[in-house]
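[1] Sharing a model prediction with you, sequence too.
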Amino acid sequence: MFVIYFLIMNSENKETYTVDIDDAGLRIDAFLVNIYKDLSRSGIQKEIKNGNVTVNQKTVKPSYIIKSDDIVCVSFKFDAKYLPEPENIDLDIVYEDESMLVVNKPSGMLTHPTSNENTGTLVNALLNKYGANLSNINGLNRPGIVHRLDRNTSGLLMVAKNNAAAEYLKEQMQNKDIIKKYYAIVCGNIDTDEGTISADIGRHPTKPQKMAIIIGGKPSITHYKVLERFGSYTFLEIRIETGRTHQIRVHMSHIGHPIVNDTLYGGKKIPVKTDEQALQAFHLEFTSPFDKEHHSITIEPDNAIIKTLNYLRSQR
């Protein structure tokens, strides 16, 4: 089955991708460069101009900005050797049925390959265990991926074993029926015991590796509740209604309380033996596509959270 998967991918048959929320806002050529690593950006642009790429069954220009749920269809040949390969990496599976699984992703691991890194990701580990038995609607370098966590954010992540399951879970996310909660330790003492941040997020206008609060960005909502105070730091429980790239990190930085150790968004480093940002997806609620039952999963605080809390408590 796994071999058949790669033979199909290396053919000249059309391949179709559904744009997920995190990729919305990219140019179509930039989106495809992340998938077809054997082609240069100029090569991708040439294929687009030659009509070998359509979006929603229409040809587009290389500058076309993709939107969530756009259907991208490509018909040019590419080399399967650039697809992510299976790697024998341990998976911490906390839930599994015939349609999906939930993994506890460690900090430091990419969810899926990027244009710069093609090994050591969660996808490489999933391919080793499940082969072709994963959904493929989000692209050839993202089999099984429904949503993602940043490299240095640990915690619970859903994986779909087939396209029907992926669509079912995606619909729940769009309807805000899936509950995601995070532990976060932020810089500064937050005045209120709880609050809501509602600010639109988009790609940073001059720093493409960052996201930012911008006019015309995607609506983004984050709720927070104080769990413990440390004077110059605050331990929070955070629930997100939307799932934008870097959402919690951007929103907390926006209100002047960046995540501890998150230097990209202004977070201070503290002298504990971890460089991991103090952010963990610890709670997840969803309805499984398999049994249509509601499932609620909670995991213990990870090593970075525990070490940081222990240090802050010792400084009182």
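    Done, it's in.
[2] Quick check: which helices or strands does the helix or strand containing F31 pack against?
    Taking DSSP states H and E as the definition, F31 sits inside helix 28-33. Secondary-structure packing of helix 28-33 (3 or more CB pairs under 8 Å, 6 or more residues apart in numbering; DSSP states H and E): helix 41-49, strand 53-55, strand 71-74. Bear in mind the C-beta positions are built from the backbone N, C-alpha and C, glycine included.
[3] So what's the model's average confidence on that helix?
    In this model, helix 28-33 carries a mean pLDDT of 88.
[4] Need the residues that contact that helix.
    Residues from elsewhere that reach helix 28-33, judged by CB atoms under 8 Å, 6 or more residues apart in numbering: 19, 23, 39-41, 44-45, 48, 53, 55, 60-66, 72, 74, 115.
[5] Can I get stretch 246-260 in CSV? Just the C-alpha atoms.
    Output of stretch 246-260 as CSV, limited to C-alpha atoms (Å, rounded to 0.1, in the frame of the first residue of the first chain):
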residue,chain,number,x,y,z
HIS,A,246,0.9,31.8,16.3
GLN,A,247,-2.4,33.1,17.6
ILE,A,248,-1.7,32.8,21.3
ARG,A,249,1.8,34.1,21.0
VAL,A,250,0.7,37.1,18.9
HIS,A,251,-2.3,38.0,21.1
MET,A,252,-0.4,37.7,24.4
SER,A,253,2.4,39.9,23.0
HIS,A,254,-0.2,42.3,21.7
ILE,A,255,-1.5,43.0,25.2
GLY,A,256,2.0,43.3,26.6
HIS,A,257,2.4,39.9,28.1
PRO,A,258,4.4,37.7,25.7
ILE,A,259,5.0,34.0,26.4
VAL,A,260,8.1,33.2,28.5
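[6] For that stretch, what is the distance to the chain centroid?
    For stretch 246-260, the separation from the chain centroid amounts to 17 Å (computed by CA atoms, centre = their mean, to the nearest Å).
[7] try stretch 254-266
    With CA atoms, centre = their mean, you get 19 Å for stretch 254-266.
[8] So which bits of it are buried?
    By 16 or more other CB atoms under 10 Å, the buried positions in stretch 254-266 come out as 254-255, 257-262, 264-265.
[9] How far does stretch 72-84 stretch from one end to the other?
    The first and final residues of stretch 72-84 sit 20 Å from each other (CA to CA, to the nearest Å).
[10] rewinding a little: could you pick out the buried ones from the contacts of helix 28-33?
    Buried among those (16+ other CB under 10 Å): 19, 23, 39, 44-45, 48, 53, 55, 60, 62, 64, 66, 72, 74.
[11] Any idea which of those the model trusts least?
    pLDDT across the buried ones among the contacts of helix 28-33 is lowest for L39, at 74.
[12] Double-check that it belongs to a strand.
    No. Counting by DSSP: H, G, I helix; E, B strand; the rest coil, L39 is located in no strand; its state is coil.
[13] what's the spacing between it and V74?
    10 Å (CB to CB, to the nearest Å).
[14] Show me the common contact partners of these two, please.
    Taking CB under 8 Å, 6+ apart as the contact rule, L39 and V74 both touch 32, 47.
[15] hmm, who's touching stretch 268-281?
    Outside stretch 268-281, the residues touching it (CB under 8 Å, 6+ apart) are 107-108, 149-150, 152-157, 180-187, 233, 248-249, 258-263, 267, 301-305, 307-308, 310-312.
[16] 7 Å - rerun?
    107-108, 149, 152-156, 180, 182-185, 187, 248, 259-263, 267, 301-305, 307-308, 311 (CB atoms under 7 Å, 6 or more residues apart in numbering).
[17] One more: stretch 141-148?
    Contact partners of stretch 141-148, identified using CB under 7 Å, 6+ apart, comprise 22, 35, 83-84, 111-113, 123, 126-127, 130, 134-136, 138, 157-161, 166, 169-170, 173, 243.
[18] sorry, back to before: mind checking the helices and strands packed on helix 28-33 for the one nearest to D90?
    strand 71-74 (33.2 Å; CB to CB).
[19] List the buried residues for the next helix or strand after the closest one?
    Once strand 71-74 ends, the next helix or strand along the chain (criterion: DSSP H and E) is strand 93-96. Residues of strand 93-96 classed as buried by neighbour count (16+ other CB under 10 Å): Y95.
[20] Sheet-wise, list the partners of strand 93-96 with their directions.
    Here strand 93-96 is paired, per DSSP bridges, with strand 100-105 (antiparallel).
[21] follow-up on the earlier one: just curious, which of the buried ones among the contacts of helix 28-33 is nearest to L101?
    The closest of the buried ones among the contacts of helix 28-33, once distances to L101 are taken by CB to CB, is D23, at 22.7 Å.
[22] Great, nothing more from me.
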